[in-house]
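Colleague: I would like the atomic coordinates for the input below:
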Amino acid sequence: MTALADALAALSRGEVPWVTVTADGRVTFAEPPAGLLLSGSFNPLHAGHTELAALAERRFGRPAAYEISVLNVDKPELPHEEVVRRMGQFAGRAAVVLTRAPRFTEKSVLFPNCVFAVGADTAARVVDLRYHGDDSERMLAALSAIRTAGGRFFVAGRATMNGVFVEVGQLAIPASHAEMFVGLTEGEFRMDVSSTQLRNT
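Modeller: Numbers count the residues shown, from 1 in each chain. Have a look, this model is predicted:
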């Protein structure tokens, strides 16, 4: 616990770009993920996350790690005790990378040539003008920056609040960057569970 607490303090001070906690609990600054990340809050971790990780590993032939940014675009920094609580879910199961990179533009710079496994809701935000100041050029520049860093997205379909299932092909992805997004069909993966639902039950 002391090692993780010290690592979190170093991350918060900006002294290290990331902290990796391996499945067996080792805390290291020297082991970046092997090119396949599931980014999220994991509050809580659920079967949708773990099944997507398994499918992504089979598709890309790389071990998957999870990534939690202690910073959020529009929320305060996660308290250290909350980070420690969430990390406990992964003990003995998977590696977790902690960063201060809430945006995929920042994640792709930290982890070049990375595949980011995400839900369709997250992929939709990546190309939603509202998240880019309603500026299409700014959105395209962000996508180009991710592509320049070798970043790609592996997208799992998600059901909307009204029950409509959305796959990657239904997202408003600019044609100029469509090759960055590949996904699973509903027949390949559908799991109607969310962390929000689980917190509210």
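Colleague: what about Gly14, how many residues close to it?
Modeller: Burial of Gly14 is recorded as 8 neighbouring residues (other Cβ atoms under 10 Å). C-beta coordinates here come from the backbone N, C-alpha and C atoms, glycine included.
Colleague: got a list of what it touches?
Modeller: Taking Cβ atoms under 8 Å, 6 or more residues apart in numbering, we find Gly14 in contact with Arg100.
Colleague: 52 is where my numbering starts, stick with that
Modeller: All set: I'll call the first residue 52, so the last point we hit is now Gly65.
Colleague: State the helix or strand in which it lies.
Modeller: Applying DSSP states H and E as the criterion places Gly65 outside every helix and strand.
Colleague: which regions of this structure sit below the pLDDT cut-off?
Modeller: 52, 244-252 (pLDDT under 70).
Colleague: which residues does the residue positioned nearest the centre of it bridge with?
Modeller: What sits nearest the mean C-alpha location of the chain, by Cα atoms, centre = their mean, is Ser90, with 1.4 Å. For Ser90, the beta-bridge partners are Glu118 (DSSP bridges).
Colleague: Show the contacting residues for it.
Modeller: By Cβ under 8 Å, 6+ apart, the contact set of Ser90 is Tyr117, Glu118, Ile119, Ser120, Phe155, Lys158, Phe167, Val169, Thr173.
Colleague: and Gly234, what are its bridge partners?
Modeller: With DSSP bridges as the criterion, Gly234 is bridged to Val206.
Colleague: Distance check, it against Leu103.
Modeller: Noted for Gly234: a distance of 11 Å to Leu103, by Cβ to Cβ, to the nearest Å.
Colleague: Also Arg203?
Modeller: In this structure, Arg203 and Leu103 are 15 Å apart, going by Cβ to Cβ.
Colleague: for the chain, what spans make up the helices?
Modeller: Per DSSP state H, the chain carries helices over the ranges 53-63, 98-111, 131-138, 155-161, 171-177, 187-199, 246-250.
Colleague: Check which helices and strands the first one sits against.
Modeller: Other helices and strands packing on helix 53-63, by 3 or more Cβ pairs under 8 Å, 6 or more residues apart in numbering; DSSP states H and E, are strand 69-72, strand 78-79, helix 131-138, strand 147-150.
Colleague: If I take it and helix 131-138, what angle do their directions form?
Modeller: Relative orientation of helix 53-63 and helix 131-138, computed by axes from the mean of the first three to the mean of the last three Cα atoms, to 10 degrees: 120 degrees.
Colleague: Need the contact partners of helix 53-63.
Modeller: 67, 69-70, 72, 78, 80, 121, 128, 131, 134-135, 138, 149-151.
Colleague: now swap in the longest one and tell me
Modeller: By Cβ under 8 Å, 6+ apart, the surrounding residues in contact with helix 98-111 are 86-87, 89, 91, 93, 114-115, 117, 144-145, 166, 168, 170, 205, 207, 235, 239-240, 242, 244-245.
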